[in-house]
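Peer 1: I would like to see how this sequence folds:
(2 chains)
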Amino acid sequence: MNKLHRLKHTRLFLFATGLLLSIVPTLANAKDNPPVLITYSYEHELLPKSDGKPLLTIFINGNMRAIFPPYMKLAGIRQAQLNPDTLQELNSLISTNSLHSLSTETIAEELALYQAQQEQNRDSHQTVYAVMDSTTTFIEYNDPANNNEMISGENSPAIKIVQNNLSTNAKQYPRITTLQRANNLKIILQKILDTSNWTPVEDNS
Amino acid sequence: MKTITKKNLFFSILVINLLSIHGISQAGSFVFAREDPIIGTGAITHPPGYTGAGGILNIKVCIRPTSSFTANLEQATKNSIATWNEQKPTSSNLLNNLPDFNSIDAESVIVHEMGHCIGLAHPNLAVGGVSGIDRNYSSTTNGTDNIYNLDPGADGIRGSTDDIRGDDDNLHWFRISNNNPFSIASIIDSTTYSLDIVDLPSSHTSVANGDRLVSTLFSAPNSESVMQQESFNNEVQRTLTHDDVATLQLARSGLDTTAGNADDYNINLTYGGISAASDCNINLGFDNTKTGFAACEVSGTFLTEAPDRHISLFSTEIYLNDSINWHYNTDTPCSESTTVTENQWKMISLPCQVGISTSATVEGQFGDDLDVTTYGTNWGIWSYNPVTNSYVALSLSDELEEGVGYWFLSLTTSTIDIEGQYNTNIDVPLAADITTGKWNMIGSPFRLPTAWNTVKLVNSDGTLLDLTDADPVIGGSTACEDPIDISCSMASTAFSFNGTSYDALTPTTGNLDPFDAAWVLVYKSGLALRLQMNASELTAQ
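Peer 2: Next comes the predicted model:
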């Protein structure tokens, strides 16, 4: 009975989520929705993917939408307005290209270099470190070179950052500057998600 | 055969590589064990503070004062500590009974993370690039071909004994005699548990793990290792399974992985309160910058050289995300009462799990209902020792156990209540005598009646017997009737006292009700009794 209930609930939620995901790019082009500035999401390996994941979308005018999965306190689809200072901060980061095309690939390149150096010094007595039950962070932001092209979808020109255990790894590898910058961006976005005054979206149609 | 290649998983490997020098997120039954020339697949990780010297390992668990909602975490933390200290194997440990359907049980998640913080990893294939139901396969490396070989075998269930895993190297310690993660050996060390698939039973091709789907294959439905990497809303999973206990006890056999030697240890987790004290070994609290849900961050140092590497943890941090709709367990979600009639003997049992959030002592459970100053004169409790065939008058400080029956007598009519956590299926050891049988006084551990004909007997090799297997009808009489037939294990009829006489519980009729106990006559040694939880109890709040 409960499984059935959960299944139904999940299906409803997925339907709603899918609806929104399909709406996001549309919204970006709609007359009342400007292009997307940045999106932020994360998923955790203890939780089933079928329950969806939190998704924050920030539009260039500061409008925000968020999807919170059913297991979160704010479950549902919500909206809020980003405060001007934070919007300015994000705009500055992105539109002035101060992220310097920070991406999954650029982090990986720096990391590979670092690892090659570390491997030479590796011995059998150093300490070991692990994070059990990891969180994967997803950030997509618009490449300024694309002149406010909408970001969304697999073929979008958006720059993507996907990293596992971003915060703990940033702490673990303080010399990997791309990791530090990605984590700083994530901290800003997480704070937005945690502290904004989210109100339910009553009608998406 | 489905295969996942590194080439195809470029993206995931990037992620994993972030941790590949000093740190890992790759799974194994022990944290850190992996395909690595310095660490190795056979590495065993021990709780904080283990140096190789045996004895009691005191581990203090504290809630970080800087965390939000610290008070909410206290009960779940204390309960998790008690659960790991108790190390009691259970089955049917998946309940669906939270008051808020969408909430996630904090205690269940903390038990899991605390398991990591004392050295245990996931039994399942919790690695980058493997997703969805494929994560139910047992934990392995990807072998020399750098490919995870994933074939569920004829039963179609991932993580079961007939999986076909190619050259993937096993990371999950299994019980040599039966490869059954829902059973446990009496002695747990490298003579009874192994990583080497050569030691598998001859008909098995792969190591089984404690996944919930696999549990149905071993007649232990609704069971899952707490270290399995899954969390669902409305699900409660607060008690350990046999596999969880066995893995920890394997580590407890010390550096020589042989039980009974001087390097063996046991753990004694204690609650250090909301504290930043430097002697806190495991720190816990909310921090949304560290995790999107829950995580355990560990550091370790090597105790031994390759190839049999042992690692001791020295820094262990549990992080939770406070945006989750957590359910916080109370100290007594289970509270059941019954009336005892004046001057009438009653066989009683405990319908709730005691010793986790509530005291297990006679005084702790009955002291709020009856005057402790008159214990021994106006009321009393007796246990039965089947070995000496004698009754033992319990003292107020003696601890009571679930699944065991007791005699209770009060000179006044009283209402007594038992408070604690929800019980799950437990295996009650039975004393035996092959010629005359031994009477054992067993009790119901449940809140709802359980049908006697659902009782199982657990053999020492982990196989299960129905009552009719334990006492088959042969030539018109049962095997345990005089004369005793060699196939007799336990008499299938039990006897429960109703206040004036005994009621027979047979393979065809009778329930063991909450608070009730019964006599069973056991002939075969090494048996344990597994009372089966009423299905309604899985969802009862």
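
Peer 1: what's around the nearest residue to B:S194 once chain neighbours are set aside, how many residues?
Peer 2: Distances taken as Cβ to Cβ, 6 or more residues apart in numbering or on different chains place B:I176 nearest to B:S194, at 5.1 Å, with adjacent residues excluded. (Each C-beta comes from the backbone N, C-alpha and C, glycine too.) Burial measure for B:I176: 16 neighbouring residues, criterion other Cβ atoms under 10 Å in any protein chain shown.

Peer 1: Could you pull up the contacting residues of B:I176?
Peer 2: B:191-194, B:199-200 (Cβ atoms under 8 Å, 6 or more residues apart in numbering or on different chains).

Peer 1: 10 Å instead, please
Peer 2: B:185, B:190-194, B:196, B:199-201 (Cβ atoms under 10 Å, 6 or more residues apart in numbering or on different chains).

Peer 1: quick one: the closest residue to chain A within the stretch 401-541 of chain B and B:S357, what's the gap?
Peer 2: As assessed by Cβ to the nearest Cβ, chain A sits closest to B:T539 within the stretch 401-541 of chain B, at 6.0 Å. According to Cβ to Cβ, to the nearest Å, B:T539 and B:S357 sit 21 Å apart.

Peer 1: Buried residues in stretch B:463-483, which are they?
Peer 2: By neighbour count with 16 or more other Cβ atoms under 10 Å in any protein chain shown, stretch B:463-483 contains the buried residues B:463-467, B:469-472, B:478-480.

Peer 1: so where do the helices sit in the stretch 51-200 of chain B?
Peer 2: B:70-86, B:106-117 (DSSP state H, counting those that start in this stretch).

Peer 1: when you scan the shortest one, is anything in it near chain A?
Peer 2: Yes. Legend: contact between helix B:106-117 and chain A by Cβ under 10 Å from any Cβ of the partner chain is shown at B:109, B:112-113, B:115-117.

Peer 1: still on that earlier bit, which one of B:T539 and B:S357 has more residues nearby?
Peer 2: Neighbour comparison, B:T539 and B:S357: the larger count goes to B:S357, with 22 against 13 (by other Cβ under 10 Å).

Peer 1: Quick one: residues contacting the more buried one.
Peer 2: B:75-76, B:78-79, B:82, B:107, B:329-334, B:419-421.

Peer 1: of these, buried ones?
Peer 2: Buried among the contacts of B:S357 (16+ other Cβ under 10 Å): B:75-76, B:78-79, B:82, B:107, B:329, B:333-334, B:419-421.

Peer 1: which ones are touching the most centrally placed residue in chain A?
Peer 2: For chain A, the residue sitting closest to the mean C-alpha position, by Cα atoms, centre = their mean, is A:Y40 at 2.1 Å. Listed by Cβ under 10 Å, 6+ apart, the contact partners of A:Y40 are A:54-58, A:66, A:137-141, A:161, A:185-186, A:188-190, A:192-193.

Peer 1: near chain B too, which of the residues you listed?
Peer 2: Within those, those near chain B by Cβ under 10 Å from any Cβ are A:54, A:137, A:186, A:190, A:193.

Peer 1: wait, doesn't the second one sit right on A:N183?
Peer 2: Yes. With contacts defined as Cβ atoms under 10 Å, A:T137 counts as touching A:N183 at a distance of 8.7 Å.

Peer 1: Can you show me the helices along chain A?
Peer 2: A:2-29, A:84-95, A:104-121, A:166-172, A:177-195 (DSSP state H).

Peer 1: Run the chain-centre distance for the fourth one.
Peer 2: Mean C-alpha position of helix A:166-172 versus that of the full chain (Cα atoms, centre = their mean, to the nearest Å) differs by 16 Å.

Peer 1: buried ones in that helix?
Peer 2: Those would be A:166-170, A:172, for helix A:166-172 by 16+ other Cβ under 10 Å.

Peer 1: so where is the stretch 251-400 of chain B shaky, pLDDT-wise?
Peer 2: Scanning the stretch 251-400 of chain B for pLDDT under 70 picks out nothing.

Peer 1: again, but for chain A
Peer 2: A:1-33, A:95-101, A:123-124, A:143-157, A:203-205.

Peer 1: if we go to 80?
Peer 2: A:1-33, A:49-51, A:94-101, A:115-126, A:142-159, A:202-205 (pLDDT under 80).

Peer 1: which residues touch the residue lying closest to B:D256 once chain neighbours are set aside?
Peer 2: Once flanking residues are discounted, B:D256 sits nearest to B:D263: 6.0 Å by Cβ to Cβ, 6+ apart. Residues near B:D263 by Cβ under 10 Å, 6+ apart: B:50-55, B:252-257, B:310.

Peer 1: Turn those into a markdown table, columns for neighbour count and distance to A:E45.
Peer 2: Shown next, in a markdown table, are the contacts of B:D263 (neighbours: other Cβ atoms under 10 Å in any protein chain shown; distance: Cβ to Cβ, whole Å):
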| residue | neighbour count | distance to A:E45 |
| --- | --- | --- |
| B:Y50 | 27 | 28 |
| B:T51 | 13 | 32 |
| B:G52 | 15 | 33 |
| B:A53 | 12 | 36 |
| B:G54 | 17 | 35 |
| B:G55 | 12 | 36 |
| B:R252 | 22 | 28 |
| B:S253 | 24 | 30 |
| B:G254 | 24 | 31 |
| B:L255 | 19 | 31 |
| B:D256 | 17 | 34 |
| B:T257 | 21 | 30 |
| B:H310 | 25 | 27 |
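
Peer 1: what two of those residues have the greatest distance between them?
Peer 2: Farthest-apart pair in the contacts of B:D263 is B:G55 and B:T257; separation 17.2 Å (Cβ to Cβ).

Peer 1: what does the stretch 51-200 of chain B have sitting close to chain A?
Peer 2: Counting by Cβ under 10 Å from any Cβ, the stretch 51-200 of chain B sits next to chain A at B:95-98, B:101-104, B:109, B:112-113, B:115-117, B:120-122, B:126-128, B:131-133, B:135.

Peer 1: List the residues that contact the residue nearest the centre of chain B.
Peer 2: What sits nearest the mean C-alpha location of chain B, by Cα atoms, centre = their mean, is B:L240, with 2.2 Å. Contact partners of B:L240, counting by Cβ under 10 Å, 6+ apart, are B:83-84, B:86-90, B:93, B:111, B:115, B:210, B:225-227, B:246-248, B:424.

Peer 1: now these: which count as buried?
Peer 2: Members of the contacts of B:L240 classed as buried by 16+ other Cβ under 10 Å are B:83-84, B:88-90, B:93, B:111, B:115, B:210, B:225-227, B:246-248, B:424.

Peer 1: could you check the angle helix A:84-95 makes with the longest strand that chain A contains?
Peer 2: Looking across chain A with DSSP state E, the single longest strand is strand A:36-44. Here strand A:36-44 runs at an angle of 90 degrees relative to helix A:84-95 (axes from the mean of the first three to the mean of the last three Cα atoms, to 10 degrees).
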